[in-house]
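Enquirer: compute the structure for the input listed below.
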Amino acid sequence: MKRVLQIYGEILSNGGQEAYSMNMYRNINREKVQFDFYTPYYCDNEKLVKEIEQLGGKVYTGGGKFELEGNKKDFVKNLSEFLSNNPYEIVHINSGSIFALAFGAKIAKKHGAKKIIVHSHCTGNDNIKYRIIKAISSGIFLRNATYYCACSKEAASWKFPKSIIKKEKYDIIKNGIELDKFKFSKRIRDEYRKQLDLENQFVIAHVGRFTDQKNHEFLINVFEELKNRCKNCKLLLIGDGPNKEKIITMVNEKNLKNSVSFLGIRNDVNKILQAADMFIFPSRFEGLGIVAIEAQATGLPTLCSENVPEEANQTDLFNKLNLFDGIDTWINKIIELKDKKYENTREDYTEKLRLAGYDAKDSAKRLEDIYLKG
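Expert: The predicted structure is shown next:
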């Protein structure tokens, strides 16, 4: 049996990277491959730790201060110390940070890792800092990484050296989900609409950490104007994060407290999405946006920003607008989709997504092959 260390460049919490890794872990052949998890920082998701341990893995944390400017120093120091005392033959580095991917690969090779997988899960903001870090990191990648994986072509191009992209020396591992959990059920929809007090409401859902990337401010501004045209509407915000209190304040100042529900970190997102009528995802950048795939799996009309990669466009439920189109354009599109009355013709879209390669079992098998070959 191969034991793989999943290294994270951020805290272990409840984001897309963690969701992806757990979907893979639940569906991989654990008689052949086992996972351990490491972050140089900390973990604030006890449910995640409990499930990992139940599946046979271990979670290690370095205790670094992720929010501080010195987090790169903590990353290098803590990861180096851990790998010097706990060597692994196979490491799989997951991060939204080019620095973490490149220097994680360098540290892993220094401490004896033979198979070093770097995995890009997102894009980012194009600025001078990004370009400098990417230029510095290219040589480090080429000297140390043995496999390059990404959730989309955009995510690969954003992180990896030009020579890797040009020669297509990377693997797109689709962020497969456990499709059966997202299959639409009217029973679940009715149950959750009653439980969450959503009956006779037009319900918009959003799933994502409260960070600048997810652009909650834009969503709240859109929803405020939407209320003027659709009185019986509610917004469900699922997730947690550093910007949450700021968004709560914004909601209160706009007198939307009774129309916006902050649901926190949930393990029943698949059921909440079934209770909703639309999914809106106005991100400033994304590597894929796995929750957009999940929303489509439940049969939800899905409205995303232009920053969500085209790989997320897998059904006729998917729609995309530019953030610069303005709030009125977004509201008009929401009303247009609402008037199609999807709630009365909600279909099972899971088979379409399975055929498109978004079944977690298929993605886990591809990853398993990478771990075991050679």
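Enquirer: where's residue 204, which helix or strand?
Expert: Using DSSP states H and E, residue 204 sits within strand 202-207.
Enquirer: do the same with residue 4
Expert: strand 2-8.
Enquirer: got the CA positions of whichever helix or strand comes after that strand in PDB?
Expert: The helix or strand immediately downstream of strand 2-8 is helix 16-27, counting by DSSP H and E. Below are the C-alpha coordinates for helix 16-27, written out as PDB (Å, rounded to 0.1, in the frame of the first residue of the first chain):
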ATOM      1  CA  GLY A  16     -12.800  23.700  -2.600                       C
ATOM      2  CA  GLN A  17      -9.400  22.000  -2.200                       C
ATOM      3  CA  GLU A  18     -10.500  20.100   0.900                       C
ATOM      4  CA  ALA A  19     -13.800  19.100  -0.800                       C
ATOM      5  CA  TYR A  20     -11.800  17.800  -3.800                       C
ATOM      6  CA  SER A  21      -9.300  15.800  -1.700                       C
ATOM      7  CA  MET A  22     -12.000  14.300   0.400                       C
ATOM      8  CA  ASN A  23     -14.000  13.300  -2.700                       C
ATOM      9  CA  MET A  24     -10.900  11.600  -4.000                       C
ATOM     10  CA  TYR A  25     -10.100  10.000  -0.600                       C
ATOM     11  CA  ARG A  26     -13.600   8.500  -0.200                       C
ATOM     12  CA  ASN A  27     -13.600   7.000  -3.700                       C
END
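Enquirer: sorry, back to before: just checking, what packs against the next helix or strand after the strand holding residue 204?
Expert: Remark: after strand 202-207, the chain's next helix or strand is helix 216-226, criterion DSSP H and E. Counting contacts by 3 or more CB pairs under 8 Å, 6 or more residues apart in numbering; DSSP states H and E, helix 216-226 is packed against strand 202-207, strand 233-238, helix 244-253, helix 327-338. C-beta coordinates here come from the backbone N, C-alpha and C atoms, glycine included.
Enquirer: against which helices or strands is the first one packed?
Expert: Strand 202-207 makes packing contacts with helix 216-226, strand 233-238, helix 269-275, strand 278-281, helix 290-297 when contacts are defined by 3+ CB pairs under 8 Å, 6+ apart.
Enquirer: who's in contact with it?
Expert: 193, 214, 216, 219, 223, 226, 230, 232-239, 269, 272-273, 275-281, 291, 294-295, 300, 334, 338 (CB atoms under 8 Å, 6 or more residues apart in numbering).
Enquirer: strand partners of that strand, parallel vs antiparallel please.
Expert: Partners of strand 202-207 in the sheet, by DSSP bridges, are strand 233-238 (parallel), strand 278-281 (parallel).
Enquirer: buried deepest among these, which one?
Expert: Highest mean neighbour count among the strands paired with strand 202-207 (mean count of other CB atoms under 10 Å): strand 278-281, with a mean of 25.
Enquirer: now that strand: average pLDDT?
Expert: Strand 278-281 carries an average pLDDT of 97.
Enquirer: quick one on the thing from earlier: present the helices and strands packed on helix 216-226 as a markdown table; the columns should include distance to residue 184 and mean pLDDT.
Expert: Compiled in a markdown table, the helices and strands packed on helix 216-226 are given as follows (distance: least, CB to CB, whole Å; pLDDT from 0 to 100):
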| stretch | distance to residue 184 | mean pLDDT |
| --- | --- | --- |
| strand 202-207 | 14 | 97 |
| strand 233-238 | 17 | 97 |
| helix 244-253 | 29 | 97 |
| helix 327-338 | 17 | 94 |
